[in-house]
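**Student:** Dropping the sequence and predicted coords here.
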Amino acid sequence: MLYLFVTAYENGISLVKSAVVGIKESGNFEDLLKEALSNELFLEDKLVKVDLQCNDSSAWHPVLNGLTENLEACFQLKAQHVHFTISHSISIPNELSNEGSSAFNFMMTQQRLKKLPPLYNSQFRNDLLYNDFLKILQERKLGWLNDNHLTIGHSFICRVTDLVWYLDPHLGKLEKRGLKLPKIIAKLPVYASESHYNLYHDTTKHKKIEISREKLESFVKALILSIQQPWTRLLHWEEVIKDIDDLIKIAQEYANYFQGVNNRMRTIHTSLVPVRNGRDDITVEDIEAVDLYPSQYEFLAQLLRESNDYDLLNIDHLLPPKPQNIYLFFQNICADLKYFF
């Protein structure tokens, strides 16, 4: 077995960095790259540059045969670190391969290619969600022009998956209110198998953080910024953008539900009218008379002596001013007369 440090970059974005990978010497560098990226490897129309770093040396040495070179080279040269640099390949169409083809024409052809951001190294469940959504876009042959896949494209996918990840533990609550995920999200492999991406929320012992209206609305606002960009008006994006718009509406409706709950609770807390009926929703206790009682209850005892049987008495003016003392007052309440409380 060979054990090597592996680093891989695609278009300047790190896929894996200095990861220790074990592999048999009989394989080649493509096998090593697949092992490092957990088999999430799409090399169609891409160039891969391979460099080695040997023990006790900071110099990098290019592997001329690239991915097809046998890993025995690492053993023979005592290599310890392998660096993969992945970039989009240059495929020259037949009509541009003639002697009269210009670099300008070729450059313009490249600018017309639709591209997607690279996959994440799926070590975490949120990375898996990102990769699954990216693969759906890839299956639909969608992408961005002029290298916008590394900026606005990457930002769009992150904003979609950030919102889905935040909603993921609470999908059952959404369904109870008739809010269902749009098709493009419902077709993600994990949801298709009736599971969840954020398994950490339910399977680990930690304080469950309840969903917040403010945070939910922040994810919604960020995603709205993406779908308001000009590229979303293109015809081939129409179906996806419609589903994402539905996702935004679902999240916004759930946020509005939270706002309604907050408003109702605020009304209850500020109202002078009790929430419960003062005559029906009560518990009656029969308090027996005692010979000795604390002096703080003397005013209560005097009030009872001066009252007729079955009179309703208001003792608010007898209560301590501090809320914490009110609890103790009722916990130890007593007098030298029997009464109902």
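**Tutor:** Right, received. Where do you want to start? Numbering: from 1, shown residues only.
**Student:** so where is the chain shaky, pLDDT-wise?
**Tutor:** Across the chain, residues meeting the criterion (pLDDT under 70) sit at 12, 39-45, 88-112, 122, 201-208, 261-283, 339-341.
**Student:** do you know how far the closest residue in space to residue 168 that isn't next to it in sequence is from residue 115?
**Tutor:** The spatially closest residue to residue 168, leaving aside those adjacent along the chain, is residue 198, at 4.3 Å (Cβ to Cβ, 6 or more residues apart in numbering). For the C-beta atoms, the positions are set from N, CA and C on the backbone; glycine is no exception. Residue 198 sits at a distance of 29 Å from residue 115 (criterion: Cβ to Cβ, to the nearest Å).
**Student:** Could you work out the end-to-end span of stretch 175-191 for me?
**Tutor:** One end of stretch 175-191 to the other measures 14 Å (Cα to Cα, to the nearest Å).
**Student:** again but with stretch 168-177, I slipped
**Tutor:** Length of stretch 168-177, first residue to last, Cα to Cα: 15 Å.
**Student:** Do a quick rundown of the helices in the stretch 51-200 of the chain.
**Tutor:** 72-77, 103-111, 125-139, 152-167, 171-176, 183-186, 189-192, 200-203 (DSSP state H, counting those that start in this stretch).
**Student:** TSV for these, including mean neighbour count and distance to residue 295?
**Tutor:** Formatted as TSV, these follow (neighbours: other Cβ atoms under 10 Å; distance: least, Cβ to Cβ, whole Å):
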stretch	mean neighbour count	distance to residue 295
helix 72-77	15	89
helix 103-111	12	91
helix 125-139	18	63
helix 152-167	20	57
helix 171-176	12	53
helix 183-186	17	68
helix 189-192	14	67
helix 200-203	11	54
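**Student:** what ranges do the helices span in the stretch 201-341 of the chain?
**Tutor:** According to DSSP H, counting those that start in this stretch, the stretch 201-341 of the chain carries its helices in the segments 213-227, 238-270, 298-305, 323-331.
**Student:** Redo the ones you listed as JSON lines? Include mean neighbour count.
**Tutor:** Converted to JSON lines, the helices of the stretch 201-341 of the chain look like this (neighbours: other Cβ atoms under 10 Å):
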{"stretch": "helix 213-227", "mean neighbour count": "16"}
{"stretch": "helix 238-270", "mean neighbour count": "14"}
{"stretch": "helix 298-305", "mean neighbour count": "15"}
{"stretch": "helix 323-331", "mean neighbour count": "11"}
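**Student:** Tell me which residues touch residue 27, please.
**Tutor:** Residues in contact with residue 27 (Cβ atoms under 8 Å, 6 or more residues apart in numbering) are 70, 71.
**Student:** these two touch, right, residue 293 and residue 335?
**Tutor:** Yes. Under the contact definition of Cβ atoms under 8 Å, residue 293 touches residue 335, with a separation of 5.9 Å.
**Student:** Now do stretch 162-171: distance to the chain's middle.
**Tutor:** In terms of Cα atoms, centre = their mean, to the nearest Å, the centre of stretch 162-171 is found 6 Å from the chain centre.
**Student:** Repeat that for stretch 174-193.
**Tutor:** 15 Å.
**Student:** okay, how far is it across it, tip to tip?
**Tutor:** Length of stretch 174-193, first residue to last, Cα to Cα: 18 Å.
**Student:** same question, stretch 172-191
**Tutor:** For stretch 172-191, the separation between the terminal residues is 12 Å (Cα to Cα).
**Student:** coming back round to it: and the helices of the stretch 51-200 of the chain: which comes nearest residue 331?
**Tutor:** For residue 331, the closest of those is helix 171-176, at 37.7 Å, according to Cβ to Cβ.
**Student:** And the closest one, what does it pack against?
**Tutor:** Contacting helix 171-176 under the criterion 3 or more Cβ pairs under 8 Å, 6 or more residues apart in numbering; DSSP states H and E is no other helix or strand.
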